[in-house]
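> Take this sequence and fold it.
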Amino acid sequence: MGRICSTDAGTTPAITVHDDGSDTIARVLEHMKGSVFRLDPETIDLPAGPSNGPTHIEVSEGIHAVALLPRPERDPAGFVSSIVDARTAVGPDALLYAPHSATPHLVPLMVYMGVDLVDPYEVVRASIRGWRYTPYSFVRSEEDPFPGNIALLEDIIEETAEAVRGDYLRELVEATSSLSNVGVSILRCLDNDHPGTFEPRAPVHRRAGMLARDSSLLRPEVVRFRKRVLERFEPLPYRYLLLLPCSASKPYSRSKSHRRFIETLQSSGRGRSFQELILTSPLGVVPRELERFYPASGYDIPVTGYWSADERGMMTDMLRRFIADRRYDAVISHLPDDLSFVSDVIPDAVWTVDGGPASAASLGSLGSALSDLDPAPVRDIRRATTRSMIGFQFGSSDWAGEFEVKGREVVSGDTILRWSYRYVLTLEGGRLLAEAGIHTVGIDDFLPKGSVLAPGVLDCHPDVRPGDEVVAVHDGEVRAVGTAAMCAEDMIASNRGVAVKVRDHIRGSE
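Residues are numbered from 1 along each chain as shown. Next up, the predicted model:
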């Protein structure tokens, strides 16, 4: 939920102060280099009397503060819920201020939750007590830590803003949250307790790679990918299943090891007879057909041969669920010993690795196991693979009708889709998609060109996520196709910002 907001007072995320003219505030302002959102304490109407819990109050026009915010180190779950609930309640157009809680290490997490403004209260308090923050911890200081602490808070605000602009905020969050126990607790609460808030806002496509670690197992787009593999993937009618390890290079088929696996399959004459399934963390299982979809298309995770209990459980469960409703005549496991923990799921599998999976001995064993099976090629495999990929991306492939595949284009009369790191719509494809009622964005009566801004959105299909291919429609007429820049909920609720980046649009004479 992190974002960049441009206002008359400055750009967020930013630091705010209660400008009461005190010596402490004066010293804070003295050491701050960037712009500051100044709040007048006399205008803040605090809740009177007992309260039932955290709430939000408007402390300045368009700025809402989370009042009675629980301490993050004492109640991380309450801290998270208070911010998420307030962010949802005030809507996307208001700025959200989380008072008296930000430390340099928690700023990325707070911005990720939707906080726009933080104050230097915790940094001032730590400075008075003689604690100095470093980029990685906090330590006792013999010298005055105040100037350095203020500077570090400003630096991390700017670094967080750059992460939002560069689309790597989640990577920064996972890196900084691990610097403290409270950060680890907050991220766990976020991912476990609030998936319904964060998954719709996680991108379904991005060109940047994903740096993964243990905490990525519950990353919203990772969880969504695993779910869609099980629910959306339309399997081809293969008779056999081949299990393969992942590779450092992505997509897998570009790696040396997978090129050798594919060559062995092709030379055996069984290349169109096997469902290839890659086992990996944090994605679980990745069908070969989906290796070019984000996040499978470009993620990096430390590979040591040691899998945590959570990783083992996730991969085992994914494999069990994937094959539960699919009957394969034979299963070949070309997996290394460190993935042998899945053997209970595939008790009748033939294991072919001798040493490393890409060794000559292993490839020879794989070739022999393949040759022992009758060829059972899937007919028109390119069209079948394309249909499966379309179904995964859009939730259904029925809308595409009977099509042909010509190079990178999907043609049904006219070209309806083009492959460019995922399938992108043409206007004709948008018309077919609109007829099926999939990924539609209802707009006001205008002809979109560069972008559709949020005020022009009237309604949106609830499944739309940032990065989805969408079709802009007015009163049943397709006006444009492009890429969603917001999720459906934010498109409808926002009165500012880009909702859809338009790729093609109708002309005025159409």
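> all contacts plus neighbour counts: C-alpha atoms, from now on.
Noted.
> residue ranges of the strands in the stretch 251-400 of the chain, please?
274-280, 284-287, 299-300, 330-333, 350-351 (DSSP state E, counting those that start in this stretch).
> and what of the stretch 401-510 of the chain?
Using DSSP E, counting those that start in this stretch, the strands found in the stretch 401-510 of the chain span residues 404-406, 409-412, 414-419, 423-425, 440-443, 451-453, 457-460, 469-474, 477-484, 498-505.
> Those strands: which one's closest to Ser178?
The closest approach between Ser178 and any of the strands of the stretch 401-510 of the chain, judged by Cα to Cα, belongs to strand 477-484 at 31.8 Å.
> Give the buried residues for the closest one.
Buried residues in strand 477-484, counted by 16 or more other Cα atoms under 10 Å: 478-484.
> Where does Glu199 sit: helix, strand or coil?
Secondary structure for Glu199, judged by DSSP: H, G, I helix; E, B strand; the rest coil, is helix.
> start to end distance for stretch 117-134?
Terminal residues of stretch 117-134 lie 21 Å apart, using Cα to Cα, to the nearest Å.
> Just the buried positions in it, please.
117-121, 123-124, 126-127, 130-133.
> I'd like the residues you listed as CSV, with secondary structure appended.
As requested, the buried residues of stretch 117-134 are exported to CSV (three-state DSSP):
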residue, secondary structure
Leu117, strand
Val118, strand
Asp119, coil
Pro120, coil
Tyr121, helix
Val123, helix
Val124, helix
Ala126, helix
Ser127, helix
Gly130, coil
Trp131, strand
Arg132, strand
Tyr133, strand
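> which of those residues sit farthest apart?
So, the buried residues of stretch 117-134 by Cα to Cα: farthest apart are Leu117 and Gly130, at 25.2 Å.
> what about stretch 314-322, average pLDDT?
If you average the pLDDT over stretch 314-322, you get 96.
> domain ranges for the protein?
5-193, 210-371, 388-505 (automatic domain parsing).
> Which of these has the highest mean neighbour count?
domain 388-505 (a mean of 20; mean count of other Cα atoms under 10 Å).
> Distance to Arg382 for the domains of the chain - can I get that in CSV?
Shown next, in CSV, are the domains of the chain (distance: least, Cα to Cα, whole Å):
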stretch, distance to Arg382
domain 5-193, 33
domain 210-371, 10
domain 388-505, 7
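> closest one to Glu199 among those?
The closest of the domains of the chain to Glu199 is domain 210-371. By Cα to Cα, the value is 4.8 Å.
> Thought Thr103 was touching Val123, still the case?
Yes - counting by Cα atoms under 8 Å, Val123 touches Thr103, with 6.3 Å between them.
> Between these two, which contacts overlap?
Counting by Cα atoms under 8 Å, 6 or more residues apart in numbering, the contacts common to Val123 and Thr103 are Leu153.
> The nearest residue to Asp167 once chain neighbours are set aside: how many residues sit nearby?
Nearest residue to Asp167, sequence neighbours excluded (Cα to Cα, 6 or more residues apart in numbering): Ala208, at 7.6 Å. Using other Cα atoms under 10 Å, Ala208 has 14 neighbouring residues.
> Look up how far Asp300 lies from Ala208.
Using Cα to Cα, Ala208 is found at 11 Å from Asp300.
> residue contacts, Thr316?
The neighbours of Thr316, taking Cα under 8 Å, 6+ apart as the test, are 341-342, 345.
> Ala65: which element?
Ala65 belongs to strand 63-67 when assigned by DSSP states H and E.
> Perfect, that will be all.
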